[in-house]
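K.L.:
Sharing a sequence plus its predicted fold:
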Amino acid sequence: MKNNLDIITALSHEFGTARYVMGGGGNTSCKDRETLWIKPSGTTLLGLAPERFIAMDRARLATLFTIETPADATAREALVKSVMEAAVKPETPGRASVEAPVHECFEARFVVHTHPTLANGLACALGGREAAGKWFPDSLWLDYTDPGYTLSLRVRKELEAYRANHEGREPRLVWLQNHGVFVAGNTAEEIRETYAHLMGRLEEAYRAAGVDTATPAPGTAPPDSFREAALPVLQAALGTDATVVLARPPINCAAGPVSPDHLVYVKSYIYEGVVTEEALRAFAARRGYPARVLALPEGMLACGATAAVAERAAEFAADAARIRQLARAFGGVQYLSDAARRFLENWEVESYRARQTG
Ligand SMILES: [Zn+2]
């Protein structure tokens, strides 16, 4: 029989494709009574191998749920980080995914957390909760919660309540509003069945609403002159953040952040103004960060200090545009609140991850 690490590696590869995650998004784990093996921070699901998982002492990790934590968010996250570091077993040094405490909350042996575009069309919609209740009556829906420790406390509480109402049974599918899904199961087959059910029902729901789920054919790529004209202006205004500038077909861009990952890779807001140095500087001063993606009538421009940063920004901006389109099926898109956005803009852990994967 295959061991758990081989199984979770296979599942990570299966659900690490573009249909389920982008960039370094998503994370997976398996556990026995004493140990939780989790994806390291800053890695991709497709790149995982059995020996790359970080082994964590579950008893030490679970002290997170009983310790007194400071009210100040920065002090709290620092304490949580140190508890998580102390829980990492010496034989697998490294930094565990920030979502490790959430994985610990599940009793199920395998947990596969992803951000499928099709699922986020529902999770990032105004009527998401109602739609989840209608199409996935056995699932658990969680309203948006700041990622990290706060999220794990919330998941723990909600899972306990669910078990209490379902004769000790745990949900196989958990929706995180404006984020993605957690799928949990004791066997690889259970995980596969739940994902197949999820994707199949979503197709049905979109069809019922008359919303096309096919990836739209890319529009006309802008002429080279478009990028060439913008490049010196961008480099003057953004400096090294515009070392690489990619030009893509125009998108019907999202007007705000749809999820934490989109916020990290695209920044909260896409720039839609005219391309002048002065206007770009004004945007940076007002928003607190330089524009990373520009959505213009001729096309989209994605900027980055490296090709990877620019490439990822372009991908996530296109994905957000698609989520916005899909969310029409469930009452239209719901962006992150200002409070949620500010928390993420200041979140050290996410910026660490952006550095790692960018
Ligand atoms: Zn996530």
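P.N.:
Perfect, thanks for sending it.

K.L.:
Mind listing residues that contact stretch 218-237?
P.N.:
Contact with stretch 218-237 is made by 242-243, 245, 247-251, 275-277, 280-281, 284, 290, 294, 298-299, 301, 303, as judged by Cβ atoms under 8 Å, 6 or more residues apart in numbering. All C-beta spots, glycine's among them, are computed from the backbone N, C-alpha and C.

K.L.:
Could you pull up the residues touching the residue nearest to Ala329 when sequence neighbours are not counted?
P.N.:
In space, and not counting its chain neighbours, Ala329 is closest to Ala209: 3.6 Å by Cβ to Cβ, 6 or more residues apart in numbering. Residues near Ala209 by Cβ under 8 Å, 6+ apart: Arg328, Ala329, Phe330.

K.L.:
just to revisit the earlier point, separate out the buried members of the contacts of stretch 218-237.
P.N.:
The neighbour count (16 or more other Cβ atoms under 10 Å) marks 242-243, 245, 247-248, 250-251, 275, 280, 284, 290, 294, 298-299, 301, 303 as buried among the contacts of stretch 218-237.

K.L.:
For Tyr335, state which of the residues you listed is nearest.
P.N.:
Proximity of these to Tyr335 (Cβ to Cβ) peaks at Ile251, which lies at 16.0 Å.

K.L.:
what's near enough to touch that closest one?
P.N.:
Contacts of Ile251 by Cβ under 8 Å, 6+ apart are Gly219, Ala295, Met300, Ala317, Ala318, Ala321.

K.L.:
redo that, cut-off 7 Å
P.N.:
Residues near Ile251 by Cβ atoms under 7 Å, 6 or more residues apart in numbering: Ala295, Met300, Ala317, Ala318, Ala321.

K.L.:
Which strand residues bridge the second one?
P.N.:
Under DSSP bridges, the beta-bridge partners of Met300 are Arg248, Ala295.

K.L.:
right, and it touches Val293 too?
P.N.:
Yes - Met300 is in contact with Val293 according to Cβ atoms under 7 Å; the separation is 6.4 Å.

K.L.:
Name the residue in these two with the higher neighbour count.
P.N.:
Set side by side, Met300 and Val293 show more neighbours around Val293, with 27 against 23, by other Cβ atoms under 10 Å.

K.L.:
ok so, going back, so which of the contacts of Ile251 comes closest to Ala161?
P.N.:
Distances from Ala161 to the contacts of Ile251, taken by Cβ to Cβ, are shortest for Ala321, at 35.8 Å.

K.L.:
Would you agree that closest one is in contact with Pro249?
P.N.:
No - when contacts are counted by Cβ under 7 Å, Ala321 is not listed as touching Pro249 (10.8 Å).

K.L.:
what about the strands in the stretch 251-358 of the chain?
P.N.:
293-296, 299-304 (DSSP state E, counting those that start in this stretch).

K.L.:
Could I get the ones you listed in TSV, plus columns for mean pLDDT?
P.N.:
Converted to TSV, those look like this (pLDDT from 0 to 100):
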stretch	mean pLDDT
strand 293-296	96
strand 299-304	97
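
K.L.:
Tabulate those (JSON lines), appending distance to Asn165.
P.N.:
Output for these, formatted as JSON lines (distance: least, Cβ to Cβ, whole Å):
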{"stretch": "strand 293-296", "distance to Asn165": "43"}
{"stretch": "strand 299-304", "distance to Asn165": "46"}
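
K.L.:
For Ile67, find the nearest of those strands.
P.N.:
Of all the strands of the stretch 251-358 of the chain, strand 299-304 sits nearest to Ile67, with 38.9 Å by Cβ to Cβ.

K.L.:
So what touches that closest one?
P.N.:
Contacts of strand 299-304 with the rest of the structure, by Cβ under 7 Å, 6+ apart, involve 222, 226-227, 230, 234, 238, 241-242, 244-251, 292-294, 310, 313-314, 317.

K.L.:
Swap in 8 Å and give it another go.
P.N.:
Here strand 299-304 makes contact (Cβ under 8 Å, 6+ apart) with 221-222, 226-227, 230, 234, 238, 241-251, 253, 290-294, 310-314, 317-318, 358.
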